[in-house]
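S.K.: After the sequence you'll find the predicted model.
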Amino acid sequence: MEHTALILASDYARLGQDTRRLARKAAAGELRRVRQGVYAPAKEWDDLAPWERYPLLIQAAAATLSDGTVFCRQSAAALWGMPLLGRPSLVHACTSDGGGGRSRAGVRRHRTDLASVPVEERWGLLVTSRIRTALDLAAYESFGQAVMSFDHVLKPDSARGLGALSKAELESSIDQTYSAAAGRRIRAALTFADPASGSPGESLSRSFMYMEGIRIPRLQSEIRDGRGFVAYGDFEWSEEGIVGEFDGMVKYRKPEYLNGRTPSDIVIDEKRREDRIRGTGRRVIRWTWSELANARQFAAVLARAGVPRVQRSSGRR
């Protein structure tokens, strides 16, 4: 959770201060209005990436909704640290009344039997459990989102102190609250999920390969040359001698990836690494998020590079 401090109009009013000062500061560019009655310092807000702002939107909603609100789906996923597709802007919350599916003031409510939903506390907020959240995303969102979520939770999240979940415990938690069709979607994504996937972009890439009938490659393939270990390739089609590399660009920006190096140093290191891979007789193809705009576009990129397709009688998922 980001540490940007939210400013609540209700706190101003409680202290006897004029809440109109907040609106004036927002008009002057000193504050950003996150939600009605909730503001953030403009500089801090503007410095956040879209995916870093989303947890603050949830926090802002929690500050203005009733106590005991349970957040679910993408909102619970964000608080659990699960990767999300796109740039979510709606906050998702459970409701036990008949207003499920409606959006109001940036909050979408989903009708849920709260007595049957496992709920935990995360960052001081009530959320659906990690297992339930992953299952919900697989049941109600795209196959790509489902694979990203399952790949993530099937391995430990050491940054957040969370252990790995198993496919068995996830499958055993598919209960009667899901329709038969939703259960099939969950099981299809869970069967395909692989904790060897190294990043959300790699998970989405693999889901697109499956959807478009591309032969699924070996993950994290160890590559060696005459000098020894070279690298672990994100994807390898060994029969065709092709190594695929997803470049999410994160390593050029985040300090934990830079490890004291400059972005230029990273580019040079990547070039040397790729040259050594090519030196083994393999071809290297690279792609970024822009090639993952849709599955068909990505499949065309791989096809032009000579990556083979497979025939499946079952068709797409």
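M.R.: Yep, that arrived.
S.K.: was I right about E44 contacting E30?
M.R.: No. If you go by C-beta atoms under 8 Å, E44 and E30 don't touch, sitting 11.3 Å apart. All C-beta spots, glycine's among them, are computed from the backbone N, C-alpha and C.
S.K.: burial of I242, as a residue count?
M.R.: 20 (other C-beta atoms under 10 Å).
S.K.: Same check on A5?
M.R.: Around A5 there are 10 other residues, counting by other C-beta under 10 Å.
S.K.: repeat for R215
M.R.: R215: 14 neighbours (other C-beta under 10 Å).
S.K.: Likewise for the one 3 residues further on?
M.R.: Neighbour count for R218, taken as other C-beta under 10 Å: 13.
S.K.: pLDDT score for it?
M.R.: The model reports R218 with a pLDDT of 96.
S.K.: Contacts only, for it.
M.R.: 235-238 (C-beta atoms under 8 Å, 6 or more residues apart in numbering).
S.K.: now do G81
M.R.: Residues touching G81, when contacts are defined by C-beta under 8 Å, 6+ apart, comprise 157, 159-160, 162.
S.K.: next one: Y54
M.R.: 74, 78, 84, 87-89.
S.K.: is it true that it lies in a helix?
M.R.: Yes. When the secondary structure is assigned by DSSP: H, G, I helix; E, B strand; the rest coil, Y54 falls within a helix.
S.K.: thinking again about what came up before, mind putting the contacts of Y54 into TSV with neighbour count?
M.R.: Formatted as TSV, the entries for these read as follows, by neighbours: other C-beta atoms under 10 Å:
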residue	neighbour count
Q74	26
A78	27
L84	19
R87	10
P88	19
S89	11
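S.K.: where's the residue nearest the centre of the chain relative to I216, distance?
M.R.: Most central in the chain under C-alpha atoms, centre = their mean is P83, positioned 1.4 Å from the mean C-alpha point. To I216, P83 is 20 Å away according to C-beta to C-beta, to the nearest Å.
S.K.: and the gap between A26 and R32?
M.R.: 7 Å.
S.K.: between those two, which one's more packed in?
M.R.: A count of neighbours by other C-beta under 10 Å puts R32 above the other of A26 and R32, at 20 against 17.
S.K.: any idea how the protein splits into domains?
M.R.: The chain resolves into domains spanning 1-48, 54-195, 201-304 when parsed by automatic domain parsing.
S.K.: winner for burial among those?
M.R.: For those, the largest average neighbour count (mean count of other C-beta atoms under 10 Å) is found in domain 54-195, namely a mean of 18.
S.K.: Got the phi and psi for D157?
M.R.: The phi and psi torsions at D157 (degrees, to the nearest 10) take the values phi -110, psi 80.
S.K.: Now for the closest residue to E274 other than its chain neighbours: which residues touch it?
M.R.: On the basis of C-beta to C-beta, 6 or more residues apart in numbering, the spatially nearest residue to E274 that is not a chain neighbour turns out to be V284, at 5.4 Å. In this structure, V284 makes contact with 242-245, 274, 277-278, judged by C-beta under 8 Å, 6+ apart.
S.K.: Who does V284 form a beta bridge with?
M.R.: With DSSP bridges as the criterion, the beta-bridge partners of V284 are V243.
S.K.: Show the pLDDT at it.
M.R.: The predicted local confidence for V284 comes out at a pLDDT of 95.
S.K.: got it, and R130?
M.R.: You'll see R130 listed with a pLDDT of 98.
S.K.: Tell me how far the closest residue in space to it that isn't next to it in sequence lies from E202.
M.R.: Using C-beta to C-beta, 6+ apart and skipping residues adjacent in sequence, the residue nearest R130 is W80, 5.3 Å away. Remark: distance between W80 and E202 (C-beta to C-beta) = 20 Å.
S.K.: least trustworthy helix or strand in this structure by mean pLDDT?
M.R.: When each helix and strand of the chain is scored by mean pLDDT, DSSP states H and E, helix 255-258 comes last, with a mean of 49.
S.K.: any idea which helix or strand comes after that one?
M.R.: Per DSSP states H and E, the first helix or strand lying C-terminal to helix 255-258 is helix 263-279.
S.K.: Quick check: mean pLDDT of that next one?
M.R.: The predicted model gives helix 263-279 an average pLDDT of 80.
S.K.: now do stretch 57-67
M.R.: Rounded to a whole number, the mean pLDDT of stretch 57-67 is 91.
S.K.: follow-up on the earlier one: can you list the domains of the chain in JSON lines and add distance to V310?
M.R.: Listed next are the domains of the chain as JSON lines, based on distance: least, C-beta to C-beta, whole Å:
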{"stretch": "domain 1-48", "distance to V310": "42"}
{"stretch": "domain 54-195", "distance to V310": "14"}
{"stretch": "domain 201-304", "distance to V310": "5"}
